[in-house]
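In: okay, predicted coordinates and the sequence, questions at the end:
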Amino acid sequence: MATLKSSSKSSAETLVIGLASDGGTLVIESGSYSLDTKKLLAILADIGATGKADEVTKVPFEEGRHTLLVFTGLGAKEPRGKYPHETLRRAAGSATRALSGKKSADFALPHSDLPEFAAIAEGIGLGSYSFTEHRGASKSEQRAPLASAQIISDVGESAAGKSAIKRATILSKYVHVVRDLVNTPANFLSPEIFVRKMKALTPNLGVKVEVLDEKALKSKGYGGIYSVGQGSANPPRLLHISYTPAKSKKRFAFVGKGITFDTGGYALKPALGMDAMKTDMAGAASVIASLLAIAELKLPVTIHAYACMAENMISDNATRPGDIITTLSGKTVEVLNPDAEGRLVLADGITRAIADAEKAGGLDGLIDVATLTGAQIIALGLRTAGLMGNDDSFAKEFLQIAEKTGELFWQMPLPEELRATLETPVADIANVGDKSGGMLVAGVFLKEFVSDSTPWLHLDIAGPSYVEKGPFGYNPVGGTGVTVRTLVALAESAVSHG
C-alpha cells in the first residue's frame, strides 16, 4: 500500500492531474497546482482523451521536474471544481492502479475542503493494491503497487489533514486484508487458517478473542454452523472478537458468513464458476476487519464481531437434503437445500450476538454481512448490494452513511407473505422457499432469528464483494472489501451523533 503524505509543493517526477469534460471541451483540473494548460489540452485532444470516469491518460512531458503527466477522468465538469467525493475517490484510485511499478507520484486533484482531501487519500490507498502471494516464477512480472504518494494540498498540511491521511491509511489497510482473504484459494484458507490469520492482527488493539472449535460448536448447540461444516475435513469455527472501549457511545454487533469454500454440498453446484466459491467468506472477513479498523482508530463504540466459519463439502458425514437440524436458537430447520447454507450459519451467529447483547443491555444495531444469494446479482447487479431489515430508521441512517463512503446499497422489502413459503410439516422452518424473490426469501428466513427489539440490517453482497471481469476506480480484479468503509463510518457517526 502506498505511503501517503501531503505537501503544498510537488517533488515527484510523476504528476497526477484531473481531467473533465465541459460539453465536449476538455478541462484540466489540477487543484491548487498551476499548469500551462494550452499545450497540454492540444496534446490530450490529439490522442483522444475524453475525461470520462475511470479513464487514465499518460503523457510524457518535460515540465520542470516532471517527466510524466497522468490525467485521470473526473467526468462532467462540476461548477467551481466541487466534485462528488466518490468521483474524487475513484479518479485517484484509477490513477493509482495505472501507476503500478512506480515508486512515487504527486496528486494534484481539485479539492477545497477536508472531506474532498480525505476522499482523494482514500482513493490512493484503496487503489494501491496487488495480490501476489501465490505467484511463483511469474511473481517478478507482477508490478508492485505505487509505493509512495503525495497529495498537493494546502488543506492536508493541517492537523486535521494529517488525521485524514492516517484514517485513509487504516481504512485501506483493512480493506486490503479483506481483499487478500477473498482472493486466497480454499486450499490455503480453511476455517481454522482464517481464524489464525485474523488473530494474528489483534495484538495491541485492545480486543478480546474467543474461538469455538467443532467440539464446542456441537456441544453448545450451534447446529447451523456445525451442520454446514460437518462434511468437511476442515472443521467449522466460530470466531468472536470484541472491542469494548471505556465511555462507549453505542453498541453494535456484526455477523459475517464465512464459507471458505462452497461446493453446494449435496445440492452440488455446476463446475462452471465453482472456483469463485472461494469468495464465499467475504462477509466474515469484512465484519472482523471492520472491528479491527474501529479498534485501531480508537473509536469509543463497542463492537462485537462474529465470523461464522465452515466449509460446505460432500462426504459420508455431510448434511443431506431433508435432514433436520436444531439451531442455537432452539428452532429446528429442515435443510431442503444444502446449498442454502449461509443462512444456517448466520442464524447461529445472529442468535449468539443477541444473547450476548441482552446481558449488556441490548444493541443499537445488529448487521449481518453475507455473499448470500445469486438472486441478489440478478436483482441488483454486480456493484449494488441488497439491504433488508426490520428498522426503517436504522436502514435510512445506514444508507445515508453509505452514500458518503461511496459503497452502493439498495433497500429491498421483506414481504410477510414470503414467510409462508418457508413452512414445512416436519420442522419449525425450511431453509428455502419460493425461487422467486430468492434474495428476499433469505432475508425473511434470517428475520426469524432476530428479536423484534433489535434494530437489524441484512447486507447481501454477493455481487459487489468481487470484481471478475475488469477493474474500475479503486477496485482491482478480485476481492473489493466492500462494507468495511461503511461499517467503520457507522461507528464514526455514532461517536459524532451519540
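Out: Perfect, I can see it now.

In: list the helices and strands the longest helix along the chain packs on?
Out: In the chain, taking DSSP state H as the definition, the longest helix is helix 159-183. Under the contact definition 3 or more CB pairs under 8 Å, 6 or more residues apart in numbering; DSSP states H and E, helix 159-183 sits against strand 3-7, helix 114-127, helix 282-296, strand 478-479, helix 484-497. Yep, even glycine has a C-beta here, placed from its N, CA and C like the rest.

In: the second one vs helix 484-497, what angle?
Out: So that's helix 114-127. Counting by axes from the mean of the first three to the mean of the last three CA atoms, to 10 degrees, helix 114-127 lies at 150 degrees to helix 484-497.

In: summarise which helices and strands helix 114-127 is packed against.
Out: Partner elements for helix 114-127 (3+ CB pairs under 8 Å, 6+ apart): strand 3-7, helix 85-98, strand 148-152, helix 159-183.

In: buried set for that helix?
Out: Across helix 114-127, burial judged by 16 or more other CB atoms under 10 Å covers 114, 116-127.

In: starting at the chain centroid, how far to the longest helix of the chain?
Out: 12 Å (CA atoms, centre = their mean, to the nearest Å).

In: could you do stretch 314-328 as well?
Out: Chain-centre distance of stretch 314-328: 30 Å, with CA atoms, centre = their mean.

In: the lowest-mean-pLDDT helix or strand in the chain packs against which elements?
Out: The helix or strand of the chain with the lowest confidence, counting by mean pLDDT, DSSP states H and E, is strand 56-63 at a mean of 89. Counting contacts by 3+ CB pairs under 8 Å, 6+ apart, strand 56-63 is packed against helix 37-46, strand 66-76, helix 85-98.

In: pop the domain breakdown of the protein in here.
Out: Following automatic domain parsing, one finds the domains of the chain at 3-150, 177-497.

In: which ones are touching residue 209?
Out: Going by CB atoms under 8 Å, 6 or more residues apart in numbering, residue 209 touches 199, 202, 239-241.

In: in the stretch 201-350 of the chain, which spans are strands?
Out: Using DSSP state E, counting those that start in this stretch, the strands of the stretch 201-350 of the chain run over 208-212, 237-243, 251-262, 302-312, 323-326, 332-335.

In: out of these, flag the one nearest residue 384.
Out: strand 251-262 (18.5 Å; CB to CB).

In: parallel or antiparallel, which strands does the closest one pair with?
Out: Strand pairing for strand 251-262, using DSSP bridges, gives strand 302-312 (parallel), strand 365-370 (parallel).

In: which one of these lies closest to residue 430?
Out: For residue 430, the closest of those is strand 302-312, at 17.8 Å, according to CB to CB.

In: quick one on the thing from earlier: buried stuff in the longest helix of the chain?
Out: Buried residues in helix 159-183, counting neighbours by 16+ other CB under 10 Å, are found at 161, 164-165, 167-183.

In: stretch 382-392 too?
Out: 384-391.

In: for stretch 64-77, same thing?
Out: Residues 66, 68-75, 77 are the ones in stretch 64-77 that count as buried (16+ other CB under 10 Å).

In: swap in stretch 134-153?
Out: By 16+ other CB under 10 Å, the buried positions in stretch 134-153 come out as 145-147, 149-153.

In: straight-line length of that stretch, end to end?
Out: By CA to CA, to the nearest Å, the extent of stretch 134-153 from end to end equals 38 Å.

In: likewise stretch 362-378?
Out: Distance between the two ends of stretch 362-378: 35 Å, counting by CA to CA.

In: give me the neighbour count for residue 381.
Out: Residue 381 is flanked by 13 other residues according to other CB atoms under 10 Å.

In: and it, how far is that from residue 463?
Out: Going from residue 381 to residue 463 by CB to CB, to the nearest Å gives 6 Å.

In: cool, and residue 128?
Out: Taking CB to CB, one finds residue 128 at 24 Å from residue 463.

In: now residue 106
Out: Distance of residue 106 to residue 463, computed by CB to CB: 35 Å.

In: adding distance to residue 406 and mean pLDDT, write the helices and strands packed on helix 114-127 out as TSV.
Out: Listed next are these as TSV, based on distance: least, CB to CB, whole Å; pLDDT from 0 to 100:
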stretch	distance to residue 406	mean pLDDT
strand 3-7	18	95
helix 85-98	4	98
strand 148-152	18	97
helix 159-183	12	98
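
In: pipe these into CSV and attach distance to residue 372 per row.
Out: Listed next are these as CSV, based on distance: least, CB to CB, whole Å:
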stretch, distance to residue 372
strand 3-7, 35
helix 85-98, 25
strand 148-152, 36
helix 159-183, 15
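
In: between those, which one is nearest to residue 494?
Out: That would be helix 159-183 among the helices and strands packed on helix 114-127, by CB to CB, at 15.7 Å.

In: any low-confidence regions in the stretch 251-400 of the chain?
Out: The model of the stretch 251-400 of the chain has no residue with pLDDT under 70.

In: distance between stretch 371-379 and the chain's centre?
Out: For stretch 371-379, the distance to the chain centre is 16 Å (CA atoms, centre = their mean).

In: can you check stretch 428-442 too?
Out: Distance of stretch 428-442 from its chain centroid, counting by CA atoms, centre = their mean, is 25 Å.

In: what's the answer for stretch 444-464, then?
Out: Taking CA atoms, centre = their mean, one finds stretch 444-464 lying 17 Å from the centre of the chain it belongs to.

In: kindly report the same for stretch 210-228.
Out: With CA atoms, centre = their mean, you get 26 Å for stretch 210-228.

In: again with stretch 122-132
Out: Worked out by CA atoms, centre = their mean, stretch 122-132 lies 13 Å from the chain centre.

In: pretty sure residue 222 contacts residue 238?
Out: Yes: contact status for residue 222 versus residue 238: in contact at 6.5 Å, counting by CB atoms under 8 Å.

In: stretch 431-447: which residues count as buried?
Out: Of the residues in stretch 431-447, 431-433, 437-447 count as buried by neighbour count, 16+ other CB under 10 Å.

In: export the buried residues of helix 114-127 to TSV and tack on pLDDT?
Out: Converted to TSV, the buried residues of helix 114-127 look like this (pLDDT from 0 to 100):
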residue	pLDDT
114	97
116	98
117	98
118	98
119	98
120	98
121	98
122	98
123	98
124	98
125	98
126	98
127	98
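
In: which residue ranges of the stretch 351-498 of the chain form strands?
Out: So, for the stretch 351-498 of the chain - with DSSP E, counting those that start in this stretch - the strands run 365-370, 385-389, 409-411, 429-430, 456-460, 466-467, 478-479.
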